[in-house]
Structures are given as C-alpha cells and as structure tokens.
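In: sequence plus predicted model, see below.
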Amino acid sequence: MAQGRPKQLPDASGRFGRYGGRYVPETLIPALDEITAAYAAAKKDKAFQKQFRDLLKDFVGRPTPLTFAARLSDKYKRRIWLKREDLNHTGAHKINNAIGQGLLALKLKKQRIIAETGAGQHGVATATACALLGLKCHVYMGTEDMRRQAPNVFRMRLLGAEVIGVNSGTHTLKDAVNEALRDWVTNVESTHYILGSALGPHPFPMMVRDFQSVIGREARAQILKAEGRLPDVLLACVGGGSNSIGLFHPFMKDKSVRFIGAEAGGRGNALGEHAARFSGGSFGVFQGMASYVLQNEDGQVMGTHSVSAGLDYASIGPEHAWMRDTKRAEYLRCSDERALAGLHLLAESEGIIPALESSHAIGILDEVAAKTRKGAIIIVNISGRGDKDVAEVARFEGVKL
Ligand SMILES: *Cc1c(COP(=O)(O)O)cnc(C)c1O
C-alpha cells in the first residue's frame, strides 16, 4: 500500500480523496467534533449496536427480503434479485438512518431534533424516529414542497412533529437545508441535526453510510445463501447517495462486484433540466462539502429537475464522487420517461409498485444487462414503495383520478 494512503475512507479529516470535508461556519465545528467522537464511541458500544439492531428488527421490520424477480430475469436473461427496502416501516430505507441518528442524539443528550425534507420522505422518517424515541422534532420544508406534498406534511404533524415552511430561494429542498443549518448554528447546544442522506459535512457522509450499510450486509448474506456466490452487479438509484452507498459499501472489497448508480436524467441535457451531477456537474463546494455540483461557470448552483423529488438535488455524496473518479463505481442517467417505464415494468411483471426514485434503477436495467454476460446476477435496490407517487404518475400520464 502506498505510504500515507488511508486504509479506510474517509480519512481523519473526513475526506474521500479531494471530496467531502467540512465547509461550515466556525460555530458548528465543535458540534461536528462532538458527533464524530460520540459516533466513534457508539460504533464500539455493544449496547448501542444492540439497541439499533433490535429497533431495526422489531420496529422497522428488518431484515427486508431479497426477492427473485422471475419475469424480469426471463426478459433480460440475467438473474435479477430485488432488495426490498420498500417493505420497511414508513416505506423506504430512510428510517434506517433516522433511527440510528435518533439513538445517537439520545447519547449526546440532545432533546431536540431538526431535519430538512424535500418530498417529505426524510421528514416522515425523522418524525417517526422522534415519536418512537421521545424526541422533539422540527422539520424544515420549502413552502413549494409543502404545497406539492401536503399529505406528507400532515403525516409529520400526526407524528407530533412541527413543520416549518421555508420561503427563501426557490422554496424547495436546498433552501430547507440552508434554514436547518442556520437553526443548528443558533441552537447547537440543545439540538441534533438528522441529515437525510450520505452528504453534508463530515461525519455525516460516513455515519449515514454506516447506518444504511445494513442493506448491503443483509443482501450479501442473502445472495450468498440463495446463489452460492457473489453478485456481478449492484444497481441503485442515487439522489444524495444513501440507499446506494448502503447497498454498495459492504461489497467494497469484493473487486468482482460492479457498482452501478442511476442518476436522474430528467427531461433533457441542458443545465436545469436534470439532476445528473456526474454528466452535467463539476467540482465545487455546496452545503458543507466538496463534491460534484450542478453549477454554472460562475459557480452559481443551478436548479434541477426530476420526476422524482428524492433524486432532485444539485450535488451528490462525496464517497460517490470518489468512487466515480477512481472508477470503483459507474453512474448512468435515467430520464423521467424511462423511469416511468421502469415503474410500469416492475408493477406489471413482479407485482411491486416501486417509488419513482427506485424506478430509475429499473429503468436502466436493459443498459445494465447489456454490460454483463448471460446469467449474470444483478441485485437492484428497491429503495422505497410507490404509493406516495401514484397521484404524480397519474398526473404525468394525463390520467384523472
Ligand atoms: C430519498 C429517497 C431516495 C434518494 O436518496 P438517497 O440518499 O440517494 O438514497 C431514493 N429512494 C427513495 C424511496 C427515497 O425516499
């Protein structure tokens, strides 16, 4: 091993190569240090790990199944397995991280939680974890998103959370993140910020990855049992990057296993029409970290578009940026149209309506299959269920409900 190269990433300063780090106001550094130390202790603390495992089992319903997709396998002449995060309580993978960080907040003796949310999925997961653990919960959400996702706003309120509308900027997710960071700077003594994806300042990308790695650990054991060998490909959609890194990470040292991420190709190649950071973005600093960012020549962060709110973000977790540069992972784009076709395909052929986010992984299965030999084993992460998206799909397709 080359001298000075860290055995594990991120390195001590929270970097994955040139990506990651901490680009935050000075006042937050002590809080980030405190979380880093508490998390390092929790990682070694058997009682903490048992509490986390028990809640994942008894509250979330883990382990989630690995389902063989018989008709999809026939269609593509590959062996296709689905990791069923859609079967978690609250309907997606986000609850894994929300509970992990909720437990950490208890350890930090912080009674108040803040979170940001776009479509409301992370807000609902956080409100759920807070109700479970007896923590006070404030969720920041753009007012435009609140209008589009009214049922999720009501869900959070049913769970006892306070939803705070954000009226700055475009009234969407990035503005909600800015407000949450501002709140955190002011209330850092009493408050833990539960970030919703594997991004932001160190240690969040590492910590969220670790909490979500339960997905890949289960999948690895399940596929070895079912097929007697490792898979050829892991495929997942990539918004901030948490469900994908959660699936990929436990296979990091299995060099024969290819990682493929599906980014939101939206409705076109022009900046503003998609959220494909790797084909349209460049190196930059955004919301606490260095990574690929969709920005113009002046470094102004651009608006994004995707049919799925969960993939609609201008940057991407730093570990993905590093894996992309080092070619450990590949990232393909999936347009709105192909994602919708993917949703229909999985619904009709396997009896599972996936979230629009997860549909981006199904949407590029033909392209992924073409990169492999006949009979290859492909695991696709179904990050969430599609119930939340039914009305949006109908609207998109001009169907009146
Ligand atoms: C939020 C969300 C995503 C995208 O977030 P990642 O951090 O990239 O996983 C994907 N799928 C579902 C169902 C989501 O709710």
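Out: Cool, the structure landed. Numbering: from 1, shown residues only.
In: any idea how far the closest residue to Trp322 other than its chain neighbours lies from Ala37?
Out: If the residues on either side of it in the chain are set aside, Trp322 comes closest to Phe16, at 3.7 Å by Cβ to Cβ, 6 or more residues apart in numbering. Yep, even glycine has a C-beta here, placed from its N, CA and C like the rest. Remark: distance between Phe16 and Ala37 (Cβ to Cβ, to the nearest Å) = 20 Å.
In: count of neighbours near the residue in the chain that the ligand sits nearest to?
Out: Taking Cβ to the nearest ligand atom, the ligand has its nearest neighbour within the chain at Gly384, 2.5 Å off. Around Gly384 there are 28 other residues, counting by other Cβ atoms under 10 Å.
In: which stretches in the stretch 101-250 of the chain count as helices?
Out: Remark: helices assigned in the stretch 101-250 of the chain by DSSP state H, counting those that start in this stretch are 121-133, 143-148, 150-158, 173-187, 204-212, 214-227, 242-248.
In: ok now the last one, how far from the chain's centre?
Out: Read it as helix 242-248. 7 Å (Cα atoms, centre = their mean, to the nearest Å).
In: for the stretch 201-350 of the chain, which residues are neighbours of the ligand?
Out: Residues of the stretch 201-350 of the chain found near the ligand (Cβ under 6 Å from any ligand atom) are 237-244, 310-311.
In: which one of these has the most neighbours?
Out: In these, the most neighbours by other Cβ under 10 Å go to Ser244, 35 neighbours.
In: now stretch 314-327: mean pLDDT?
Out: For stretch 314-327, mean pLDDT is 98.
In: with only the CA atoms kept, save it in CSV.
Out: C-alpha atoms of stretch 314-327 as CSV (Å, rounded to 0.1, in the frame of the first residue of the first chain):
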residue,chain,number,x,y,z
ALA,A,314,-27.8,19.6,-7.2
SER,A,315,-25.0,17.7,-5.5
ILE,A,316,-24.1,14.1,-4.5
GLY,A,317,-22.4,12.4,-1.6
PRO,A,318,-18.6,12.7,-1.6
GLU,A,319,-17.9,9.0,-1.5
HIS,A,320,-19.7,8.6,-4.8
ALA,A,321,-17.6,11.4,-6.3
TRP,A,322,-14.5,9.5,-5.1
MET,A,323,-15.8,6.1,-6.4
ARG,A,324,-16.6,7.7,-9.7
ASP,A,325,-13.2,9.2,-10.2
THR,A,326,-11.4,6.0,-9.2
LYS,A,327,-13.8,4.0,-11.4
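In: could you list the buried residues of that stretch?
Out: 314-325 (16 or more other Cβ atoms under 10 Å).
In: which of these fall in helices?
Out: 318-325 (DSSP state H).
In: give me the contacts around stretch 394-401.
Out: With contacts defined as Cβ atoms under 8 Å, 6 or more residues apart in numbering, stretch 394-401 is touched by 307, 336, 340, 391.
In: can you check stretch 60-75 too?
Out: 56-57, 79-85, 87-89, 95-96, 99, 214-215, 218-219, 222-223, 226, 345-346, 349-350, 352, 365, 379-380.
In: the same query, at a cut-off of 6 Å, please.
Out: Residues from elsewhere that reach stretch 60-75 (Cβ atoms under 6 Å, 6 or more residues apart in numbering): 56, 79-85, 87-89, 95, 218-219, 222, 349-350.
In: burial count for Ala129?
Out: 30.
In: what of Arg229?
Out: Neighbour tally, Arg229, other Cβ under 10 Å: 10.
In: repeat that for Tyr23.
Out: Neighbour tally, Tyr23, other Cβ under 10 Å: 14.
In: list the contacts of the residue of the chain closest to the ligand.
Out: Neighbours of Gly384 in contact, by Cβ under 6 Å, 6+ apart: 86, 91-92, 355, 358.
In: ok, now with 8 Å
Out: 85-86, 91-94, 121, 310, 354-355, 357-358.
In: again, but for Gln295
Out: 281-282, 284, 286, 301-302, 314 are the contacts of Gln295 under Cβ under 8 Å, 6+ apart.
In: per-residue pLDDT, it?
Out: 97.
In: secondary structure class for Trp81?
Out: strand (DSSP: H, G, I helix; E, B strand; the rest coil).
In: partner residues bridging it?
Out: Phe68, Ile379 (DSSP bridges).
In: I figured it hits Asn381, correct?
Out: No: between Trp81 and Asn381 there is no contact under Cβ atoms under 8 Å: 10.1 Å.
In: any chance of the helices of the stretch 101-250 of the chain in a markdown table with mean pLDDT as columns?
Out: As requested, these are exported to a markdown table (pLDDT from 0 to 100):
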| stretch | mean pLDDT |
| --- | --- |
| helix 121-133 | 98 |
| helix 143-148 | 90 |
| helix 150-158 | 96 |
| helix 173-187 | 95 |
| helix 204-212 | 98 |
| helix 214-227 | 99 |
| helix 242-248 | 98 |
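In: Arg267 is nearest to which of these?
Out: Ranking the helices of the stretch 101-250 of the chain by their distance to Arg267 (criterion: Cβ to Cβ) puts helix 143-148 first, at 17.1 Å.
In: and that closest one, what's buried?
Out: 143-146, 148.
In: how far does it sit from its chain's centre?
Out: That offset, for helix 143-148, works out to 21 Å (Cα atoms, centre = their mean).
In: kindly report the same for stretch 363-381.
Out: 21 Å.
In: now check it, is it near the ligand?
Out: No: against the ligand, stretch 363-381 shows no contacts by Cβ under 6 Å from any ligand atom, the least distance being 8.5 Å.
In: show the average pLDDT along that stretch.
Out: pLDDT averaged over stretch 363-381 gives 98.
In: please apply the same query to stretch 229-240.
Out: On average, stretch 229-240 scores 98.
In: contact partners for Asp33?
Out: Contacts of Asp33 (Cβ under 8 Å, 6+ apart): none.
In: so which strand or helix has it?
Out: helix 29-44 (DSSP states H and E).
In: distance between that helix and the chain's centre?
Out: Using Cα atoms, centre = their mean, the offset of helix 29-44 from its chain centre is 21 Å.
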